[in-house]
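Peer 1: Let's see this in three dimensions:
(chains A and B)
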Number of protein chains: 2
Amino acid sequence: MATTINKQVVLRDYVTGFANESDLVITSTTVDLRVPKGSMTALVKNLYLSCDPYMRNRMRKPDPLSPATAQSFTPGKPISGFGVSKVIDSGHSDYEEGDLLWGAVGWEEYSVITPIPNLHFKIHHTDFPLSYYTGLLGMPGMTAYVGFYEICSPKKGDTVFVSAASGAVGQLVGQFAKMMGCYVVGSAGSKEKVDLLKNKFGFDDAFNYKEEHNLIAALKRCFPEGIDIYFENVGGKMLDAVILNMRPHGRIAACGMISQYNLKNPEGIYGLSLITYKRIRIQGFNCFDYFDKYSEFLEFVVPYIREGKITYVEDVADGIESAPAALVGLFHGKNVGKQLVVVSPS
Amino acid sequence: MATTINKQVVLRDYVTGFANESDLVITSTTVDLRVPKGSMTALVKNLYLSCDPYMRNRMRKPDPLSPATAQSFTPGKPISGFGVSKVIDSGHSDYEEGDLLWGAVGWEEYSVITPIPNLHFKIHHTDFPLSYYTGLLGMPGMTAYVGFYEICSPKKGDTVFVSAASGAVGQLVGQFAKMMGCYVVGSAGSKEKVDLLKNKFGFDDAFNYKEEHNLIAALKRCFPEGIDIYFENVGGKMLDAVILNMRPHGRIAACGMISQYNLKNPEGIYGLSLITYKRIRIQGFNCFDYFDKYSEFLEFVVPYIREGKITYVEDVADGIESAPAALVGLFHGKNVGKQLVVVSPS
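Peer 2: Residues are numbered from 1 along each chain as shown, chains lettered A, B, ... in the order given. Okay, the predicted model is just below:
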């Protein structure tokens, strides 16, 4: 049977503290180019891999006290995530050679997958960059869509703060909020990103959190009347500063807390008792619970992209060998826009 | 004009750290026994005063960074709260001598009030102890009612944890949850209170948090499959232990965080990033927003009280001189059940 070489990104061992490039190793194996007919599996060639913050939590040793967190990767095995792939051979009647899809795959050049509804999606709109299915048209896009429209209870005129605002999800939340007529401010970690927020994504204001001595004061400056909606991507000190600046009946969509994922001891949140007086709602959510709305999301977002009303910035790393650095770079904010890896352009 | 002596409970100065009995001083003044006709005011004789945890926050110096918190008391003036009163004289056409009401009054023997809808309520059911209108039939009752039914999204079979469970609100939440067919566990600070929870209020289980070395393990023992609903009355370490033990899609009703109110530096909450993975909702609320449902609440609760299906335990301090100790005692858990002060039985 024909085989080919399959480079993989393997987790060396469980990670504590900051993930390093060396925690991920490129290895080579071989893969059969055919799958058995009727096997319900498909061999896919991975074109793009998505670097997402939640993946750091999957590098952690499983914690029996927190069984609800994302399932840990297995040391010695390739890690997995979301990607864009092309079907090479299929034993599944719904898929055939040449089909494009996005969804859960291994971090490797070729994966044998068992397509699962709401975890693997056929790509029908091919007039957009395929890489968009790691971001704007994929999991981060769905996250921004359900996070903003379902979790934040937004309305025209609301004041909206987005942290990690130039990232895969944040840049979309800001644009959705502007489209709704909200006043939108974002935070990011460099002047370049702040410029993007203000000049490309249309945020009303933005600040570089690394240059603010006092986050409470920075938020007070940007929101003299307080914050109605906080789209939470970072956690830690930023969350505490936001709670102090929230208006009564404010909503916090807890999408992620990237600042905490690499800490051995997470930072404390000290102002939580204010949420009673302020009637604040903090809602954790995960787009996995909403993937049945994916086609609704596409109907919503595709026209805006076609009309140029929504834009998207990607940070593309070239080749699977660059994948470890690209993923680890997320946690140092090295990416400008959605971080992805191009394994093969077609 | 006829006057009478009016003893008052006066705040000496803003309080930092634990409130002491000496922060509150009993003073005497005089009050006119008549109010002008057409003045929209009423002179009331206060029969019962309600000791409530939120009052500690009103002893704090106003914080411009947290304008949404409860309005601070004024040093040198009598404090205020909820109470049960009898109208002595009225310049308000809706009230007449002898009317009984509950609502916002000064901590004093007599108050001149301007009755405000949804802040003052006439008492129509007088076949219950009048003191119930400081608890079961008053603000704490409404808090338990809206907190459980509106905020917790409860359903039959849910696992429910209530902290400060023998207090004014907790004892009712536990009984409401049992009536709905939930599995209910409470925590409290003494063996006597734990016995009350299990034997009088019908909780399925209860523990004394002061005797648990490890709150995480205590909750794991009581909820091997995790917690669906947490009715939060205490905050701090208990909240962190609960978050670790919450089930996916769990709900936390943040009613109050009494363990934090007397701390100069509040405790940190360290496990908050878990709420994303677990899709937990934390909702701060205040029964003031729901007082338009008060008559609905009475229709709901009164039959249960008459049928003996809901019971209520009060801790009654005798005389206005005992008010400072009664209020401060709340923060040391000295009360068993709803703490109130009887100023005059009629």
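
Peer 1: give the contact list for residue A:341.
Peer 2: With contacts defined as C-beta atoms under 8 Å, 6 or more residues apart in numbering or on different chains, residue A:341 is in contact with A:48, A:49, A:51, A:316, A:317, A:318, A:319, A:320, A:322, A:323, A:326. For glycine as for every other residue, the C-beta is placed from the backbone atoms N, C-alpha and C.

Peer 1: go with 6 Å
Peer 2: If you count contacts by C-beta atoms under 6 Å, 6 or more residues apart in numbering or on different chains, residue A:341 has them with A:49, A:317, A:323, A:326.

Peer 1: from the residues you listed, which ones fall inside strands?
Peer 2: Restricting the contacts of residue A:341 to those inside strands, with DSSP state E as the criterion, leaves A:49, A:317.

Peer 1: Dump the contacts of residue A:341 to TSV, plus neighbour count, pLDDT and distance to residue A:230.
Peer 2: What follows is the contacts of residue A:341, written out as TSV (neighbours: other C-beta atoms under 10 Å in any protein chain shown; pLDDT from 0 to 100; distance: C-beta to C-beta, whole Å):
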residue	neighbour count	pLDDT	distance to residue A:230
A:49	29	98	30
A:317	21	97	30
A:323	26	97	32
A:326	22	97	28
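
Peer 1: neighbours around residue A:30, how many?
Peer 2: Residue A:30 is flanked by 10 other residues according to other C-beta atoms under 10 Å in any protein chain shown.

Peer 1: ok, now residue A:38?
Peer 2: Counted with other C-beta under 10 Å, the neighbours of residue A:38 add up to 9.

Peer 1: any idea which helix or strand carries it?
Peer 2: Residue A:38 belongs to no helix or strand when assigned by DSSP states H and E.

Peer 1: Give me the pLDDT for it.
Peer 2: Per-residue confidence at residue A:38 stands at 85 (pLDDT).

Peer 1: From chain B, how far off is it?
Peer 2: Plainly put, residue A:38 is 35 Å away from chain B if you go by C-beta to the nearest C-beta, to the nearest Å.

Peer 1: which ones are touching that residue?
Peer 2: residue A:91.

Peer 1: go on, residue A:112?
Peer 2: When contacts are counted by C-beta under 6 Å, 6+ apart, residue A:112 is found next to A:41, A:43.

Peer 1: Can you classify it by secondary structure?
Peer 2: Per DSSP: H, G, I helix; E, B strand; the rest coil, the local secondary structure of residue A:112 is strand.

Peer 1: ok, and the closest non-adjacent residue to residue A:36?
Peer 2: Spatial nearest neighbour of residue A:36, excluding adjacent residues (C-beta to C-beta, 6 or more residues apart in numbering or on different chains): residue A:91 at 5.2 Å.

Peer 1: Residue A:131 too?
Peer 2: Setting aside the residues directly before and after it, residue A:131 is nearest to residue A:48 in space (C-beta to C-beta, 6+ apart), at 5.0 Å.

Peer 1: who's the one you found bridged to?
Peer 2: According to DSSP bridges, the residues that bridge with residue A:48 are residue A:84, residue A:342.

Peer 1: Output the contacting helices and strands for the helix or strand containing residue A:196.
Peer 2: Using DSSP H and E, residue A:196 sits within helix A:191-199. Under the contact criterion of 3 or more C-beta pairs under 6 Å, 6 or more residues apart in numbering or on different chains; DSSP states H and E, helix A:191-199 touches strand A:205-208.

Peer 1: tell me the average confidence for the strand it packs on?
Peer 2: pLDDT averaged over strand A:205-208 equals 98, rounded to a whole number.

Peer 1: near chain B, which residues of the stretch 201-346 of chain A?
Peer 2: Of all the residues in the stretch 201-346 of chain A, those in contact range of chain B (C-beta under 6 Å from any C-beta of the partner chain) are A:235, A:244, A:248, A:254, A:256-257, A:260, A:266, A:268-270, A:272-273, A:275-286.

Peer 1: Give me the subset of those that lies in strands.
Peer 2: Filtering these for strands - DSSP E - leaves A:248, A:254, A:281, A:282, A:283, A:284.

Peer 1: ok, the last one touching residue B:273?
Peer 2: In this case it means residue A:284. No - contact between residue A:284 and residue B:273 fails when scored by C-beta atoms under 6 Å: they sit 8.9 Å apart.

Peer 1: among the residues of the stretch 201-346 of chain A next to chain B, which ones are buried?
Peer 2: Buried members of those, scored by 16 or more other C-beta atoms under 10 Å in any protein chain shown, are A:235, A:244, A:254, A:256-257, A:260, A:266, A:268-270, A:272-273, A:275-286.
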